[in-house]
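A.B. asks: Predicted model, plus sequence, below.
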Amino acid sequence: MKTETKVALGVALIGMFACNAPVSGLVPSTPTASTVPSAPTRQPVPTVMPTAASLDSAHGSAVLIANTSLRVTAVAVAPTRPSAAIYAATWGQGIYRSRDQGQSWTQIAAGPAQVTSLAISADASPLLLAGTANMGVARLSDDGNLGSLSSIGLGDVIVRSVAIDPLRKGRLLAGTDGGLFQSLDGGATWKLLGLGGEEVDDIFVDNAGGRIYAATATHGIQMTPDDGVSWVNFSLPTTGVNDLLPESSSPPALYAATEGRGVARVTIGGALATGTDQGQGPGLAAQLDGERQPGTAITGGPYGGTVTDLKMDPISPTTLYAATEYGVFKTTDNGDNWRLTSLSSTDVYALAIDPANAGVVYAGTRGQGIYRSLDGGETWAKSNDPLVRDLIIYSLVVDPSAPNTIYAGGRRANVDGFTSDNWGGGVFKSIDAGISWTAVNEGLPEGWVYSLAIDPRTPGTLYAGTHSMGVYKSIDGGETWQSKSEGLVSRYHISLDDLKIRSLAINPHNPDQLIVGTWGGGSVFESQDAGATWEYTGKGAEPTHVRTVAYNPVLPDLIYAGKREGGLLYKRISSANSLWQGFPDQVQGGWQNFSVILSIVISPTNGRTMFIAVEGAGVLRSQDGGVSWKIVDNGLLAAPATAIGADSNDAAHLFAATYGAGVFQSLDGGKSWSQHNWATPWDWGLGMAVDSEGRRLFVTTKSDGLQVIPIEDPASNP
């Protein structure tokens, strides 16, 4: 995963596996206790690891250790049978062991090691090797007594993965932010084996083939056949790989948990020939025999992930585009199936569609410029204007009366506005369909714009939601701007300072009516006079963070707000003192488990077909005005697969943890995946291990501690 994410969460695990009736009408009735499932009850946060885990019916058959104070960051199973020990490591609060499938735990090591990864030897008194963020590589012998981890080297780097060679005594490997290191004397001394400058997130030692495979954050799977003398970029050369899992003990293939390409199966046979190009490690780069290249099969998932923006084709509402950190995806069948367009390996934040020619699509990125497609996403061209080359684009709008005029809102990617008092961005305008750009910021104070909206009746009138200065308005096509923030205060945010306007929408039937969603500050405000004054209308939604707002294009009396940790709300703007209401909680796992709803789009044809983009969880669709919802993410490979495991009793029974889309399983060796209902469906999975008997799955998560999940026999539950 990306460096900043892993440092923050302390995550890098290695593959050491053995191995309510629907309500009719456009607006749902107010949910009742009988129609809304009760929210999962989180266990109280104890100060020590629970001595016994309890069964939580809200999570099916999953046994859940909800212990966020401990921050369980790594889990591994001793490679012995039967009744092997399971070890759970934490971020600075010690290591725990269970000998009864996770029902009870004993602390075997105290802090302060911030553990990122674990490896365990097969000895009677096993050696625990830990990668850490603050102690380099650390070790502990599990002799049954409470001890402490001791550093054995590499203390000046973040160690993300560790491995113990089961056949070469004393040989240890450590993947760091700066390459792969090796020790041949049990950690007394260390040497850079190769991949200097690479982040190495997992290691697999193939003793039978005499090769070492390294999963890297930016250059896929790297392999050395000669202990680091030479290296070859083995597979997935432009893809981040988080975890590796051998298909068997003498593997013809590896499974790779990737960033943005799901789980890939990579064959690892093939002859090697000495090359002449300089590799990434010491010596010359090895070359794979041209006739025996490894084959990489991208499997059918897991699907989902974070969609930062959704846009619907105004002419054909069954066609939508989704912006993700891995590029732009497109569906032409109302969300049933998605495919990645040719704009891939690009972190896309914002989209816009030409209302006069729906084949023209614009994409704004994170520091990678602005792109345009003239053929519905089949091909893309990047603007070479240096003015927008390194912008983070949060919003794009097209002038409906002059479609060659486009506005972009954002900030510079590498500017510290806290010290410079300006974020280097603002609003940018193109009058030649995105080829060249000019800054139009006169009157905008800080150079950071989150949201833009254009008046459909008077296209020269625009509104800009800023990072910390409220709302601004232009009546001359962006040439000049005036503050329009009167009333944008509430008891939750008593001044305009640092009031983030994350979303802004105009009523398409009455452009004098606007709504804004604030990040904090009370949630939602409305204006009835084209932004001259604002009124707090967040009753029922306060206090909260609202990331997106929208009007229903068919019934503009209905407005919607997407919250952080609370799902989708609606209200009528014509009713005095109308309160925000939540939709029936019929989403798997419940709205309360969603992190942030990032985008809302509604069909202009019927006003009942709705799509929402959820951070981590992909895209959901409702075709009855929000009464019921369905996950529609087939083909949407935007969920980072963080860890993989296999059932030791069935090699084709695989498991995959994702960052935000929950835990998935495959019954056919990774050809297809389904989200399993025994885990919290929107968990941000960090790492995984399977016990040596194939009876339990252990998953570390961002918010729900360590989940211990019984594994069902696929034959008994087809």
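C.D. replies: Thanks, I have it.
A.B. asks: Please count neighbours and contacts with C-alpha atoms only from this point.
C.D. replies: Fine.
A.B. asks: show me where pLDDT drops low in the stretch 251-400 of the chain?
C.D. replies: 251, 269-296 (pLDDT under 70).
A.B. asks: can you give me the helices for the stretch 601-718 of the chain?
C.D. replies: Listed in chain order, the stretch 601-718 of the chain contains no helices at all (DSSP state H, counting those that start in this stretch).
A.B. asks: Same check on the chain?
C.D. replies: For the chain, the helices defined by DSSP state H occupy 3-9, 417-420.
A.B. asks: Worst mean pLDDT among those helices?
C.D. replies: Comparing mean pLDDT across the helices of the chain, the weakest is helix 3-9, with a mean of 28.
A.B. asks: Okay, buried residues for stretch 346-357 please.
C.D. replies: Across stretch 346-357, burial judged by 16 or more other CA atoms under 10 Å covers 346-355.
A.B. asks: I709 is in contact with D691, isn't it?
C.D. replies: No - using CA atoms under 8 Å, I709 and D691 do not qualify as a contacting pair, with a distance of 10.5 Å.
A.B. asks: between those two, who's got more neighbours?
C.D. replies: Between I709 and D691, D691 has the larger neighbour count (other CA atoms under 10 Å), namely 29 against 22.
A.B. asks: you'd agree that one is up against V77?
C.D. replies: Yes - in this structure, D691 is within contact of V77 by CA under 8 Å, at 5.8 Å.
A.B. asks: Can you check which residues contact both of I709 and D691?
C.D. replies: Residues touching both I709 and D691 by CA atoms under 8 Å, 6 or more residues apart in numbering: 697-698.
A.B. asks: Tell me how far G197 lies from T216.
C.D. replies: 10 Å (CA to CA, to the nearest Å).
A.B. asks: ok so, going back, nearest to F664, out of the buried residues of stretch 346-357: which one, please.
C.D. replies: D347 (24.5 Å; CA to CA).
A.B. asks: Quick one: residues contacting the closest one.
C.D. replies: The neighbours of D347, taking CA under 8 Å, 6+ apart as the test, are 324-327, 365-366, 368.
A.B. asks: For it, which non-adjacent residue is spatially closest?
C.D. replies: Of all residues not flanking D347 in the chain, E325 sits nearest, at 3.7 Å (CA to CA, 6 or more residues apart in numbering).
A.B. asks: show me where the stretch 501-650 of the chain has strands.
C.D. replies: Counting by DSSP state E, counting those that start in this stretch, the segments of the stretch 501-650 of the chain that form strands are 514-519, 524-527, 535-536, 546-551, 558-563, 568-572, 581-582, 597-602, 610-614, 618-622, 630-631, 637-638, 641-647, 650-658.
A.B. asks: how deep is D529 tucked in, by neighbour count?
C.D. replies: 12.
A.B. asks: how much space between the closest residue to it other than its chain neighbours and L444?
C.D. replies: Nearest non-adjacent residue to D529, counting by CA to CA, 6+ apart: D512, 5.2 Å away. Look at D512 and L444: by CA to CA, they are 22 Å apart.
A.B. asks: okay, these two: which has more neighbours?
C.D. replies: Under the criterion of other CA under 10 Å, the comparison of D512 against L444 puts L444 first, with 23 against 16.
A.B. asks: how close does the more buried one get to W190?
C.D. replies: Counting by CA to CA, the gap from L444 to W190 is 55 Å.
A.B. asks: likewise A214?
C.D. replies: 17 Å.
A.B. asks: what about those two, which has more around it?
C.D. replies: Neighbour comparison, A214 and W190: the larger count goes to A214, with 29 against 18 (by other CA under 10 Å).
A.B. asks: wait, that one sits on D202?
C.D. replies: Yes - the pair A214 and D202 qualifies as a contact (CA under 8 Å) at a distance of 5.8 Å.
A.B. asks: what sits in contact with each of those two?
C.D. replies: Residues within reach of A214 and of D202 at once, by CA under 8 Å, 6+ apart, are G175.
A.B. asks: now I95, which residues is it bridged with?
C.D. replies: For I95, the beta-bridge assignment (DSSP bridges) gives partners A89, A109.
A.B. asks: Give me the neighbour count for it.
C.D. replies: Using other CA under 10 Å, I95 has 31 other residues around it.
A.B. asks: again, but for T324
C.D. replies: Using other CA under 10 Å, T324 is surrounded by 29 other residues.
A.B. asks: what do you get for G443?
C.D. replies: Counted with other CA under 10 Å, G443 comes out at 15.
A.B. asks: can you tell me how far the nearest residue to F428 once chain neighbours are set aside sits from Y326?
C.D. replies: Once flanking residues are discounted, F428 sits nearest to A439: 4.4 Å by CA to CA, 6+ apart. Per CA to CA, A439 is found 28 Å from Y326.
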